[in-house]
Structures are given as C-alpha cells and as structure tokens.
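> I'd like to go over a predicted model; first the sequence, then the structure.
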Amino acid sequence: EEPWQAPEGEPIIRIENVSKRFGELYAVDGISLDIHSGEFFSLLGPSGCGKTTLLRMLAGFELPTEGKIYIDGQDVTNVPPYERPVNMMFQSYALFPHMSVADNIAFGLKQEGMAKARRQERVREMLSLVQIDKLASRKPHQLSGGQRQRVALARALAKHPKILLLDEPLGALDKKLREQTQFELVNIQERLGITFIIVTHDQEEAMTMSSRIALLRDGRVEQVDPPRRLYEYPSSRYAADFIGSINLIDGHVLSQEENRVVIRSEEAGGDLEVIHSQPLLAGTPVTLAVRPEKVRLESGDAQLANRVSGVIKEIAYLGDVSIYHVELATGKRIQFTQSNVQALAEQPLNWEDEVVLGWPANSCGVLTQ
Ligand code: ATP
C-alpha cells in the first residue's frame, strides 16, 4: 500500500513547530502538522499526551509558547477565538439550561447579529441535519444524553464554520449509541464538507471515522497516517501497541538477504522471518510485530515461514471471533484470532490444547524503535 499523498494546494491548517509549556511541563512539544480541507482528522493518544491542549490552541483558547498556527494561509497564532473561522464542540456540551433547544442553536447567530428570519431558517436546517426536528422547544434537562450531544453539534455547526473542533464528542454516550453516532458524524461531515478535527483516546473510534490520525505521545506526534496505514504499517512499538492488538516479539537481526530478514528470538525460541526492504545490520535489536488475525493454526500443508508451538491458556469468545492466548515453552504468549464459523467447521479448540501456529514472512513487520 502506498504512503499517503497530500492533496494539491495549501493546507487549511498549518501547525508549525508548536509547543505549549505549563510551568516545567511541555504539554505540547514541537508539533508540526498540515491538515487539509475536508479532512476528518483525529488527534489520538492516551490521557495527558497533549491532545486537548493542541485542540485548544487551534481554537485560540490557549496561546502557544512557541511556534505558529496558520488557518487558510493566515497567521492566527495571536488571533482571538471569535475571529477564527473555527468552532468548538465541548465534551460537556455546555448547553444553556434555561434556553430551549432552538434558542441554544440560535444563540451564536443572534450574537453575530443575524436577522430573525434567517436565524429561524438556519435553526430549522440544523435541527433537521442532526435529526431532532421535534425537540426544538424542549429544554436541555428534558433530553437524553444522545439528544444533548446532537444539540451541541447543531449549535457548533450553525455558524457554518470552516473547521469544527470536537473534544471527545462521543465520550459521554454508551457504547452502542457511540458506534451509531460515529457513522452519523462522518455522514454529516461529508455532507457539509467541513473540516473536522476531533480529540479522542479511543483508537477504534479514531479508526472508524478518520481520514487521517495523528497519534500523539508525550506532547509529540508519533505517527500521522490514514487508519489503514497506521494499522498495517505502524512505525514504532508504541504505534503498533496503541492501535488494535498485536504480538510483539523481541529479537535481533541474524541476517538479511535482499528483503528477507532473519530474526533470532529468544522469546520465540527460534528464528523468525520477515520481509523488510530497508537494510538492517546484523545484531540490531528489533521487534517482530504480527497481528493476531494474521496468525493461524498450522494445518500441515501451509508453507509458513514462521512457526511456533505452545499451549492454549486463555480463550475469549467474542461472538463472531474468538481470541486465543497460546503460551510458548519460553513463557512468551502469542495471541491469535479465529472466526467462530470456521472453528465450528473444524476441530474446536480447548484450554490446554497443544497447537502449532504460523504466519507468512510477508504478514508481519519489523520495528526498530
Ligand atoms: P485527556 O485525554 O486526559 O484529556 P490530553 O491528551 O487531552 O488528556 P491535555 O489535557 O492536553 O492532555 O494535557 C496535557 C498535559 O498538560 C497534562 O499533563 C495536563 O496535566 C497538563 N495541562 C493541561 N492544561 C493545563 C493547565 N492549564 N495548567 C497546567 N497543566 C496543564
């Protein structure tokens, strides 16, 4: 798969070497990023990695200690929030409790001095966009969490901002509603063609919705890529581990012939093979990374470059698939997944079963950091 190519033309947002220091702590530490018009861009990472601080700097609620922010080619580093073509939707939704849904949505338009008739028209358009036409006269306390989230979204979109910033927009919703709302958000974003930048710590959410994801680590960008590329080609152990589940097997390079690398691994109890085009020196410490869905049961006839054997120690039944944890003689555990439809057709697997697992050299990656 080819690396991501930036579209032609100026990015709608350029973040240039931006840092934010709180006392001794660099919450954001020298981040540079270009975000393009129409993207659904996620800032992803664990708690405290600086996602919200970066988003707040884009909104103008926080000023960078260093660096510059450009929106639409204009240096907005010191421009106040209300003069930026962006709007922000807060995790708390921050609705006015004494105002109706319609008045909440109209609030910003009224402040801007939009005439009443146009305002009402815009409110109707927004209510219908987020599918809450019937709730216009309710007060926030008469709404469910999901409905409040829609009002907050409608209010944030009412001014037709070029860019919408969303801080954990689905964080307060239960799992089922969150999954459903993810698709709706993408749908709305595509229909309006507005650039969405969202903060989330939930990798599945970021994977589902984003055109690209910036994975942050301690105030820096670890990797920025479309979801698929981030999943298939993580550039570091950190990225591999954060996105989905993965088996990480330590070792060192024994040899490389053309693009076929042999890794000697004490953890695996033998040698492993991986396809890697960049040259690697013998002796380099590396980690082989293989996704659980790429590992399969050795059935005898398969020509698998990599083979390990062990005992099933844990089985998690997830309905469509099961996840198995296999313990090797070295004590290392390898996870693999199997579709339950397939498992039914074949021999069912049980705890303490001895199995041989394998995966091809081109279904795993090698990480050097
Ligand atoms: P979370 O997912 O928990 O919200 P985050 O990735 O959004 O985390 P930030 O909220 O950006 O992280 O915080 C990054 C770091 O900066 C944290 O260590 C936080 O404690 C610190 N921080 C954030 N805002 C301030 C502030 N106003 N004053 C001092 N420290 C702050």
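Sure thing, it's come through.
> for the residue of the stretch 151-300 of the chain found nearest the ligand, what are its contacts?
Closest contact between the stretch 151-300 of the chain and the ligand, by C-beta to the nearest ligand atom, is at His201 (4.9 Å). For glycine as for every other residue, the C-beta is placed from the backbone atoms N, C-alpha and C. By C-beta atoms under 8 Å, 6 or more residues apart in numbering, the contact set of His201 is Leu44, Gly45, Pro46, Ser47, Lys51, Glu168.
> where does it land on pLDDT?
With respect to pLDDT, His201 scores 93.
> thinking again about what came up before, what's the most distant pair in the contacts of His201?
By the measure C-beta to C-beta, Pro46 and Glu168 form the most distant pair in the contacts of His201, at 13.1 Å.
> residues contacting Pro279?
For Pro279, the contact set (C-beta under 8 Å, 6+ apart) comprises Gln256.
> wait, Arg119 sits on Gly108?
No - here Arg119 lies out of contact with Gly108, judged by C-beta atoms under 8 Å, at a distance of 10.0 Å.
> what residues are up against Leu95?
Leu95 makes contact with Asn104, Pro140, Arg148, Val151, Ala152, Arg155, according to C-beta under 8 Å, 6+ apart.
> between Pro46 and Glu168, which one's more packed in?
Relative neighbour count places Glu168 above the other of Pro46 and Glu168, with 19 against 13, counting by other C-beta atoms under 10 Å.
> please list the residues of the stretch 151-300 of the chain that sit near the ligand.
For the stretch 151-300 of the chain, the residues in contact with the ligand (C-beta under 6 Å from any ligand atom) are His201.
> can you give me the helices for the stretch 151-300 of the chain?
175-192, 203-209, 227-232, 237-242 (DSSP state H, counting those that start in this stretch).
> possible to save the contacts of His201 as a markdown table with pLDDT?
Converted to a markdown table, the contacts of His201 look like this (pLDDT from 0 to 100):
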| residue | pLDDT |
| --- | --- |
| Leu44 | 98 |
| Gly45 | 96 |
| Pro46 | 95 |
| Ser47 | 94 |
| Lys51 | 97 |
| Glu168 | 92 |
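> export those to a markdown table and tack on secondary structure?
Shown next, in a markdown table, are those (DSSP: H, G, I helix; E, B strand; the rest coil):
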| residue | secondary structure |
| --- | --- |
| Leu44 | strand |
| Gly45 | coil |
| Pro46 | coil |
| Ser47 | coil |
| Lys51 | helix |
| Glu168 | coil |
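> got the domain ranges for the protein?
What automatic domain parsing lists as the domains of the chain is 13-241, 245-367.
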